[in-house]
Each structure stands twice: as structure tokens, then as C-alpha cells.
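Novice: Quick one, structure for this:
(one chain, ligands or ions: 4)
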Amino acid sequence: MATINFGGVDETVITRDEYPLFKAQAYLKDEVIAVIGYGVQGPGQALNLRDNGFNVIIGQRQDSPSWEKALQDGWVEGETLFSIEEAAERGTIIANLLSDAGQIALWPTLKQHLTPGKTLYFSHGFGITFNDQTNIIPPADVDVILVAPKGSGTSLRRLYLQGGGLNSSYAVFQDATGEALEKAIALGIGVGSGYLFETDFRKEVYSDLTGERGVLMGALAGIIEAQYQVLRQRGHSPSEAFNETVEELTQSLVPLVGENGMDWMFSNCSVTAQRGALDWKGRFREATLPVLNELYDSVASGKEAERTIQRGSTPNYRQELEVELKEVRDSELWQTGATVRQLRSLKKTAEADA
Ligand SMILES: NC(=O)c1ccc[n+]([C@@H]2O[C@H](COP(=O)([O-])OP(=O)(O)OC[C@H]3O[C@@H](n4cnc5c(N)ncnc54)[C@H](O)[C@@H]3O)[C@@H](O)[C@H]2O)c1
Ligand SMILES: CC(C)(O)[C@@H](O)C(=O)O
Ligand SMILES: [Mg+2]
Ligand SMILES: [Mg+2]
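Specialist: Ligands and ions are numbered 1, 2, ... in the order given. Model (predicted):
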């Protein structure tokens with residue numbers, strides 16, 4: 001473990017140099033990692049683990065699209081692909097990568113297979129932290145650990161294939177064997193993390209739910225909709241409104257922030273843009289602070305968990321979700337986006353033909 005100074009604050013971090021893959025492989029060589037659930041995070045982690053040489057099996061509902069996807073990804077029925085129950089029985093490490101609502105429904109089943117010495121692994125602190133609502137209370141004689149990749153399972157896999165890694169947080173909730181910490185670290189390296197930073201289950205779920213409802217997804221979508229609406233109402237064309245709100249953000253400016261920070265992105269724009277951004281960022285910060293505090297309170301009080309569980313447990317939730325997603329997809333804003341993306345690929349084809 002290394003202590004690294006982040007902006008003046010010391011934190012504990014594990015890097016791949018410090019805990020190399022061969023060490024993780026040796027440490028987990030006798031374990032069977034049962035990845036339960038093959039939605040978004042399941043494939044990312046399971047395929048990275050498999051390619052990294054670990055013993056991995058999948059547990060997934062049969063006759064589901066995810067079962068078909070698992071077959072397409074090369075998991076073999078009866079060898080590495082099983083029903084949830086059978087995979088949980090065979091696994092020594094049960095990686096619970098069902099949806100957070102699915103974890104509640106399947107808990108009575110999984111619990112039966114958590115015999116002494118096994119490990120229960122999560123990628124979210126949700127089930128344990130809100131166990132007054134989820135009833136996920138593990139037996140005392142199993143290790144309970146967390147590795148939470150900080151990004152989509154799709155990005156976890158893509159970055160791995162490119163030779164990179166997504167950062168993950170890790171935590172131990174229960175150490176029955178005295179080995180829980182090293183198991184978490186070895187699994188974190190195994191799933192393809194770039195580096196691992198320390199957290200606990202509560203902090204992971206509070207920050208994760210705030211982040212995705214806030215800047216990462218909810219606030220991003222909301223502020224984009226607001227600016228697009230203003231530009232359209234003031235007489236700008238869809239393509240102009242979209243380019244000044246989304247296309248330049250994703251294609252030009254945010255990649256620069258990722259490479260070298262906000263000030264560097266600012267420095268690569270005109271002084272006119274810099275002046276305006278520096279003048280207005282405070283207004284946006286102050287306007288959104290109350291909303292973000294309200295959001296954090298809603299997370300910490302368990303209200304967000306309650307809503308997620310309630311909505312996620314309705315039988316036709318996936319269809320309802322699809323209606324909401326379709327509404328976003330069909331809006332003028334995102335239809336314009338689809339056209340702009342097509343133009344991007346036409347441009348690439350033209351360049352390739354030249
Ligand atoms: N999506 C991500 O990229 C991501 C990133 C970091 C952490 N996580 C966490 O990882 C975990 C898995 O998330 P996900 O987004 O991959 O989940 P998901 O919504 O894609 O669902 C995963 C699987 O659960 C199965 N499932 C859902 N309800 C079920 C039920 N009642 N019975 C049986 N199977 C059921 C689905 O078939 C699917 O294969 C969650 O704890 C999530 O918070 C997800
Ligand atoms: C990918 C995210 C948003 O980071 C994750 O937290 C999720 O819930 O899918
Ligand atoms: Mg999340
Ligand atoms: Mg997240």
C-alpha cells in the first residue's frame with residue numbers, strides 16, 4: 001500500500017506496480033469466482049478476470065438476453081455458465097453483480113450458498129449500507145468485500161483491451177478469515193483496475209449515488225437540456241444549439257480536461273472564453289450547491305435507495321425505463337445528436353477514402 005498525496009491530503013492507494021497481476025493470480029489460484037449477473041458490470045469484470053487467467057464462472061437467469069450475451073462471449077453452459085443457484089454453489093467467491101434491486105430478490109437464494117470461509121463480493125455499497133431496506137445481512141463467517149470500478153462496465157472492458165485500467169475503490173465490511181483485505185486487493189487488480197483507492201461501504205454508496213445523480217449523469221443531462229432550450233428559444237438552429245452544448249463538450253473540451261485539468265482546457269481556449277468561464281463558473285456553483293446538498297441528504301437519509309428499490313422491484317420496470325429512455329432519445333436535442341454523430345462517421349469515411 002502506498003500513501004499518495006492528493007491535492008494536499010494523504011490517502012492509501014494500491015497500484016498495479018505495488019500489487020502486480022502475477023501476485024493476484026497466485027493469491028486467488030484456488031478460488032472459483034462466481035460472477036452472478038451478466039448485465040453491464042458482470043461482463044466487464046468477468047471477461048477481464050478470465051483474460052487475466054482467473055477461474056471464473058457465470059451465474060445468470062436462463063432464457064434472458066444476458067444469458068444469450070454470455071454464450072456469445074464464450075461462456076459455456078455447464079462448464080462456465082450456470083443458473084444463479086448452481087454458480088453460487090460452485091463459487092468460493094460470490095461476486096454479486098445483479099442489479100441493486102435484483103440483489104434483494106435473490107438474497108435468500110445466494111445466502112444459502114454462503115458457507116463458512118466463502119467470500120461475498122459487491123461492486124456497490126448499496127445492499128449492505130441500506131440493509132434496513134434490502135435485508136442483505138451476511139452470515140458472520142464469510143468475508144464481505146467491495147471493489148467498485150468508477151465507471152461503466154463497458155469502459156472497464158474497453159480500457160482493459162486498450163491496456164489501461166479504470167480506477168476502483170475497495171473496502172472490507174467483514175473480515176472472517178483474516179484475508180478479506182488481500183482478497184479485495186487481488187480481485188481489484190484482477191478485474192482490471194488501474195489503481196485502487198480505499199473507502200468503506202457507506203462512503204462508496206453515498207458518493208456513487210450522489211455522483212451519478214449529480215454531475216456525472218443527472219446534472220449533466222439537465223444542464224444540457226436547459227442550455228439547448230435557451231439557445232433554441234432564442235432562435236438558434238438545432239445543429240448550432242447542439243454543437244455549442246454537447247458536441248464540443250464531448251469531442252473537444254472534456255477530453256482536454258481529462259488529459260490535463262480544467263485550467264489547461266481553459267488555457268487552450270480564447271481569452272474571451274476564459275474570461276467568461278471564470279466569471280460564470282461561480283454563478284453556476286452557487287446555483288447548484290443547494291440542489292447538490294438536497295441530493296446528498298436524500299442519499300444519506302435512504303430516500304434514494306427507497307426509490308431505487310421501489311421502482312426497480314416493479315415487474316414491468318425494464319419496459320417503463322425503456323419508455324423514459326425513448327423519450328430522451330426521441331427529443332429534438334438527442335435526435336440532432338444522432339444526426340451529428342452520423343456526420344462524424346461520414347467525415348471519417350471521407351477521410352479514409354481520400
Ligand atoms: N453498470 C455499471 O457499469 C456499474 C458500475 C459500477 C458498479 N455497478 C454496480 O454493479 C452491480 C451490477 O450493476 P449492473 O448495472 O451491471 O446491473 P444490471 O442492471 O445490468 O443487472 C445485472 C443483472 O442482474 C440480473 N437481474 C436483475 N434482476 C434480477 C432478478 N430479479 N432475478 C435474477 N436476475 C436479475 C439481470 O438479468 C442482469 O443480468 C450493481 O451493484 C451496480 O450498482 C455497476
Ligand atoms: C457507471 C456508474 C454511473 O459510475 C455506476 O455507478 C453505475 O451505477 O452504473
Ligand atoms: Mg452507481
Ligand atoms: Mg459509479
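
Novice: Which positions in the stretch 51-200 of the chain make contact with ligand 1?
Specialist: Proximity of the stretch 51-200 of the chain to ligand 1 (CB under 6 Å from any ligand atom) is limited to residues 60-61, 64, 66, 97-100, 102, 105-106, 123-124, 126, 148-149, 152-153. Quick note: C-beta positions are derived from backbone N, CA and C, even for glycine.

Novice: low pLDDT regions in the chain?
Specialist: 354 (pLDDT under 70).

Novice: Near the residue nearest to G165 when sequence neighbours are not counted, how many other residues are there?
Specialist: Spatially, and ignoring its direct neighbours in sequence, G165 is nearest to G194 (3.1 Å; CB to CB, 6 or more residues apart in numbering). Using other CB atoms under 10 Å, G194 has 17 neighbouring residues.

Novice: ditto for A277
Specialist: A277 has 14 nearby residues by other CB under 10 Å.

Novice: Also S193?
Specialist: 30.

Novice: returning to that earlier point: if you look at the residues of the stretch 51-200 of the chain next to ligand 1, which of them are in helices?
Specialist: 66, 100, 102, 105-106, 126, 153 (DSSP state H).

Novice: For the closest residue to V191 other than its chain neighbours, list the residues it contacts.
Specialist: Distance criterion CB to CB, 6+ apart; nearest residue to V191, sequence neighbours excluded, is Q45 at 4.4 Å. If a contact means CB atoms under 8 Å, 6 or more residues apart in numbering, then Q45 has 35, 95, 97, 123, 149, 153, 156, 191-192 as its contacts.

Novice: mind redoing it with 7 Å?
Specialist: 35, 95, 97, 153, 156, 191 (CB atoms under 7 Å, 6 or more residues apart in numbering).

Novice: quick one: it from ligand 1, how far?
Specialist: 9 Å (CB to the nearest ligand atom, to the nearest Å).

Novice: Report the secondary structure state of that residue.
Specialist: helix (DSSP: H, G, I helix; E, B strand; the rest coil).

Novice: Which residues does stretch 122-136 contact?
Specialist: Contacts of stretch 122-136 (CB under 7 Å, 6+ apart): 41, 96-97, 100, 103-104, 107, 137, 144, 146-149, 173, 201-202, 204-205, 208, 302, 305-306, 309.
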